[in-house]
Each structure stands twice: as structure tokens, then as C-alpha cells.
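Q: This is a predicted model, with the sequence first.
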Amino acid sequence: MTIKINMSVLPKWAQRHIEVLEMRVREKDAEIVRLTGVTDAEHPEVYFKDYSASVVKEHGLPSGARVIFDLLLNGSIEASIDHSDPKSAKRTLVIRTLRGPILVQPAASNSIYVKEGEY
């Protein structure tokens, strides 16, 4: 989102500071594209939200990306989008464990816990 303001009414030090901040944002956006191969404008189907900064930002991952959650001693869970029917607009979330069975525990009407169990 670009905000248009008349920079000439600001003191020179403020103009330079804003220019440096805008440059840093462009550099970070370029780094995101370099690392993920996806721009924010492409509306990726797989993305992550970065809550580490004061502004929450979404970063896209390449199409077909799989996300692996490492649960340390409890194994790991892999999530991806199923593309088996490319003609369909509907997608299915596929969740796999890499070692044991999947345990699904309801948490609320719109939330579940997914865990890796044992055989």
C-alpha cells in the first residue's frame, strides 16, 4: 500500500529517513521473492504469517510447497495442498505424519488439534 504525501513539506532529515525506510522495505521484499520465488501479488495458496514484527506480514511459498512441523520428540507433521485434480477449483489439505498415525482432537467448532500418535 502506497501513501502519497508531499515530502517537500518535511524537514530534509525526515525526507532522508523515509527514503531509507522505503529502500529497506524494497530490499526485504526482494529478499522474500529471492527466497520463496513468489511475490505477495501472486496470491499463493501456501503462505506463512510473520508475527515477529510490529506489523503482521504474509509471505507466499512456491506453488506445491509442503510445510513440515517438527514436533521434536513427538515426530513431525507435513501439510500440503492436493493437486491431483488440476481441473477442479476445490483443493484439499493433505496432512501426513512421517512416523505414526494421525490423532485428531476437536478443540472448537472451527479448530482441531493434530498430533502424531504411536502404533
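A: Nice, I can see it.
Q: drop to CA atoms for contacts and neighbour counts, all remaining ones
A: Noted.
Q: For R16, give its distance to M7.
A: To M7, R16 is 10 Å away according to Cα to Cα, to the nearest Å.
Q: Over to G60?
A: G60 sits 32 Å away from M7, going by Cα to Cα.
Q: who's more crowded, those two?
A: The residue with more neighbours, out of G60 and M7, is G60; 23 against 13, by other Cα atoms under 10 Å.
Q: Looks like I112 contacts Q105 (just checking).
A: Yes - under the criterion of Cα atoms under 8 Å, I112 makes contact with Q105 at 5.6 Å.
Q: on contacts alone, who are the packing partners of the helix or strand of the chain with the lowest mean pLDDT?
A: Least confident helix or strand, the chain: strand 57-60 with a mean of 76, by mean pLDDT, DSSP states H and E. Here strand 57-60 touches strand 47-50, going by 3 or more Cα pairs under 8 Å, 6 or more residues apart in numbering; DSSP states H and E.
Q: mind listing the helices for this structure?
A: Under the criterion DSSP state H, the chain carries helices at the ranges 12-36.
Q: Quickly list the domain ranges of it.
A: What automatic domain parsing lists as the domains of the chain is 7-60, 67-116.
Q: Lowest mean pLDDT across those domains, which one is that?
A: Ranked by mean pLDDT, those bottom out at domain 7-60, with a mean of 79.
Q: Start and end of that domain, how far apart?
A: Note: domain 7-60 ends 32 Å apart using Cα to Cα.
Q: Which residues are in contact with the residue nearest the centre of the chain?
A: Geometric centre of the chain, nearest residue: F48, 1.5 Å, by Cα atoms, centre = their mean. Neighbour list for F48: 58-61 [criterion: Cα atoms under 8 Å, 6 or more residues apart in numbering].
Q: This completes my enquiry, with thanks.
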